[in-house]
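Q: dropping a prediction and its sequence here:
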Amino acid sequence: MGIRVCKFGGSSLSNADQFRKVKDIVLSDPERRFVVPSAPGKRADEDMKITDLLYKCYKLAHTGQSYAECFSVIVERFCEIVSELGLDIDLLPLLHETEEEIARQPQPDYAASRGEYFSGIILANYLGWPFIDAAEVIRFDRTGAYASESTNEALREVLKDYDHAVIPGFYGSMPDGRIKTFSRGGSDISGAIVARAVKADMYENWTDVSGFLMADPHIIKDPKPIKTLTYRELRELSYMGATVLHEDAIFPVRKAGIPINIKNTNDPEHPGTIITVGDEDGQQNGTITGIAGHKNFTLLNIEKAMMNSELGFGRRVLGVLEELGISFEHLPTGIDTMSVVIADRELEMHRAEIMERIWERCQPDSIEFTSGVALIATVGRGMVNKRGTASRLFRALAVADVNVRMIDQGSSELNIIVGVDGKDFERAVSAIYYEFV
Ligand code: ASP
C-alpha cells in the first residue's frame, strides 16, 4: 500500500464544517496516513485568518497595548470548532497559557505558530490519530535557517513508529527550543518535508481551488484546468505569478521524486493538477500548458555601434546593477543593442544612478528606460521541438493588434516570454490563450 501525505490549507479548516470535509477526505483512502494542517483561515471575506490575529496579538502585546480582546476572538473560534464537532477536549487551559506566553516571547514566531498547533490538536482528536508537535521534529539551526537533513532524520525516526499522525504545519524549533516559523504560507513546506521523510508516493496539497488553471480567471472566463504539470513548468509559471503553492515547498519533494497533487477540499472528486518530476506519461493538455504574466517591468535599452565586438561590455552593464543590488529578469540582446528587463520594484529611485554609471563605464550611443511593460510567459513542454509554435503565438498577437516590445525564449524551449505594453496585457493573454486552447 502506498503512502499519501495530505496538507490542508487554512480555507480547508476554517470552521467545523470544513473539518468534517477534511475528515471524510482523509478517511476515504487508507493511503492517507499523515496529515499536515494549517491554521483556520477566513470563513468569509471580512473575517481574519487565525494566523493574522495571532500576529496582531503579538504586536499589541509588544507595543504595550491590551490584546485580550483580540485573543478572545481566537479562543472563541477554536472553542466553537471543538464544540460543533462534539469533541471532548478542553483547550481553555492551554489557550490561556498561550495568551500569557505571547507577551513573554521576544519574537512573533511562537504566537504565529499557535494557529497550526491548536488546529493540529483538534484535527488529531477528531480523527482519533496521534498528534506530533512539529517542534519535536522540524528543525531550524541556530541562525534560524531550516535544517533539512537533521529534520529528515528526526522525522523519519519518529514517524516510522506511527501508522497515522497529524503534524501541524508552518513551524518547528531551533536548537535552544525556541519556536521558529517558515515564511507565510509555509505549511506547504511542512507538508513537503513530511512527504519526503516518509517517502510518500504522493503529496496531496488540499486547498480551495481545483489545481492550476491555464490562465488567470480574471482575464479568461473559465480557463481550462491543467491536468499535469512538470516541476520545471511549475517553476516557470509560479515565477510569472501563478501562485497556488509556496515556492519553497517544491524542493523537498522534487528532490525525492514525489509528485504533488493539488486538490480542492470543496470538490474532492475533481482530479486537480498533478505536478510530476518528468513527463514520463507523456500526457498533457496540448502544445501549451499555461500562460502567466505580470505588469510593472521596465526595459533598460542600451545601444552602441560595434557592441558585439567590445569585450566586457555586458559585464560592465550588469556590474552596475550588481553594485546597486538590483536583480534583473531577462537579457535579450541584438548585435549593437542590449535590453535589460527589470521589475519596477527593484529599480525604485536608482534610475539616475544607473544611467550615470553606464554612461561613464560603457560610453554607449544611447540609453533609455521604457516603463509600463508587462511580461507574458507562455509555458509548455509540448513546445519543445514543435515547429510553428512561435509563429502561431506572434500571429495571434499581431491579429489582436498587440505590439511586441521584447522576445525571450529560454534555451530549454519550455517557454516563450514576450514583453508588451501594460495596456495590452489582458488582450495579449486572451489572444495567446484562444490561439492554443
Ligand atoms: N498559517 C500560516 C499563514 O497564514 C501558514 C499557512 O497557512 O501555510 O501564513
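A: Nice, thanks for sending it over. None of the values given here were measured: they were computed from a predicted structure.

Q: use CA for all of it now, contacts and neighbours both
A: Will do.

Q: just the pLDDT at residue 245, thanks.
A: According to the prediction, residue 245 has pLDDT 88.

Q: distance check, the closest residue to it other than its chain neighbours against residue 171.
A: Among residues not flanking residue 245 along the chain, residue 188 sits closest, at 6.7 Å (CA to CA, 6 or more residues apart in numbering). Distance of residue 188 to residue 171, computed by CA to CA, to the nearest Å: 11 Å.

Q: so is residue 196 in a helix, a strand, or just coil?
A: State at residue 196, reduced to three classes by DSSP: H, G, I helix; E, B strand; the rest coil: helix.

Q: for the residue nearest to it when sequence neighbours are not counted, what are its contacts?
A: Nearest non-adjacent residue to residue 196, counting by CA to CA, 6+ apart: residue 253, 5.7 Å away. Going by CA atoms under 8 Å, 6 or more residues apart in numbering, residue 253 touches 192, 193, 195, 196, 203, 259, 260.

Q: export those residues as TSV, with columns for distance to residue 266.
A: As requested, the contacts of residue 253 are arranged in TSV below (distance: CA to CA, whole Å):
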residue	distance to residue 266
192	22
193	25
195	23
196	26
203	18
259	22
260	18
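
Q: which one of those residues is nearest the ligand?
A: For the contacts of residue 253, the minimum distance to the ligand (CA to the nearest ligand atom) is 11.8 Å, reached by residue 192.

Q: give me the number of residues near that closest one?
A: 30 (other CA atoms under 10 Å).

Q: quick check: buried residues in the lowest-mean-pLDDT helix or strand in the chain?
A: Across the helices and strands of the chain, mean pLDDT, DSSP states H and E gives its lowest value to helix 231-239, namely a mean of 86. Residues of helix 231-239 classed as buried by neighbour count (16 or more other CA atoms under 10 Å): 231, 232, 233, 234, 236, 237, 238.

Q: distance to residue 313 for these - can I get that in CSV?
A: Shown next, in CSV, are those (distance: CA to CA, whole Å):
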residue, distance to residue 313
231, 35
232, 31
233, 32
234, 34
236, 29
237, 32
238, 32
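
Q: looking at those, which is nearest residue 289?
A: residue 233 (7.9 Å; CA to CA).

Q: hang on, the closest one packs against residue 413?
A: No. Using CA atoms under 8 Å, residue 233 makes no contact with residue 413, being 11.0 Å away.

Q: now the common contact residues for those two.
A: By the contact definition CA under 8 Å, 6+ apart, residue 233 and residue 413 are jointly contacted by residue 381.

Q: which of the contacts of residue 253 fall in helices?
A: For those, the ones inside helices are 192, 193, 195, 196, with DSSP state H as the criterion.

Q: buried ones only from those, please, as a ChimeraX command.
A: Only the buried entries of the ones in helices among the contacts of residue 253 go into this ChimeraX selection, using 16+ other CA under 10 Å:
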select :192,193,195,196
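
Q: distance to residue 107 added to the ones in helices among the contacts of residue 253, as a markdown table?
A: Putting the ones in helices among the contacts of residue 253 into a markdown table (distance: CA to CA, whole Å) gives the following:
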| residue | distance to residue 107 |
| --- | --- |
| 192 | 25 |
| 193 | 24 |
| 195 | 29 |
| 196 | 29 |
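
Q: so where's the chain shaky on pLDDT?
A: 279-285 (pLDDT under 70).

Q: which stretches in it count as strands?
A: 4-8, 32-37, 165-166, 171-173, 179-181, 202-207, 228-230, 260-264, 273-276, 290-303, 337-343, 366-379, 404-409, 415-421 (DSSP state E).

Q: what about the closest residue to residue 326 other than its chain neighbours, how many residues nearby?
A: Using CA to CA, 6+ apart and skipping the chain neighbours, the partner closest in space to residue 326 is residue 346 (5.8 Å). By other CA under 10 Å, 15 other residues sit near residue 346.

Q: for residue 346, give its distance to residue 12.
A: Computed as CA to CA, the residue 346 to residue 12 distance reads 35 Å.

Q: what's the first-to-last distance across stretch 154-166?
A: Stretch 154-166 end-to-end distance (CA to CA) = 16 Å.

Q: same check on stretch 136-150?
A: 12 Å.

Q: what comes up buried for it?
A: Residues of stretch 136-150 classed as buried by neighbour count (16+ other CA under 10 Å): 136, 137, 138, 139, 140, 144, 146.

Q: please identify which of these is nearest to the ligand.
A: Using CA to the nearest ligand atom, those come closest to the ligand at residue 138, 14.5 Å.

Q: residue contacts, the closest residue to the closest one other than its chain neighbours?
A: Nearest residue to residue 138 in three dimensions, chain neighbours excluded: residue 172, at 4.4 Å (CA to CA, 6+ apart). Residue 172 makes contact with 134, 135, 136, 137, 138, 139, 140, 179, 180, 181 under the criterion CA under 8 Å, 6+ apart.

Q: closest one to residue 161 out of those residues, please.
A: Out of the contacts of residue 172, the member with the shortest distance to residue 161 (by CA to CA) is residue 137, at 13.6 Å.

Q: in the stretch 1-150 of the chain, which spans are helices?
A: Taking DSSP state H, counting those that start in this stretch, the helices of the stretch 1-150 of the chain run over residues 16-27, 50-61, 68-84, 92-104, 109-127, 134-137, 148-159.

Q: good, we can wrap up now.
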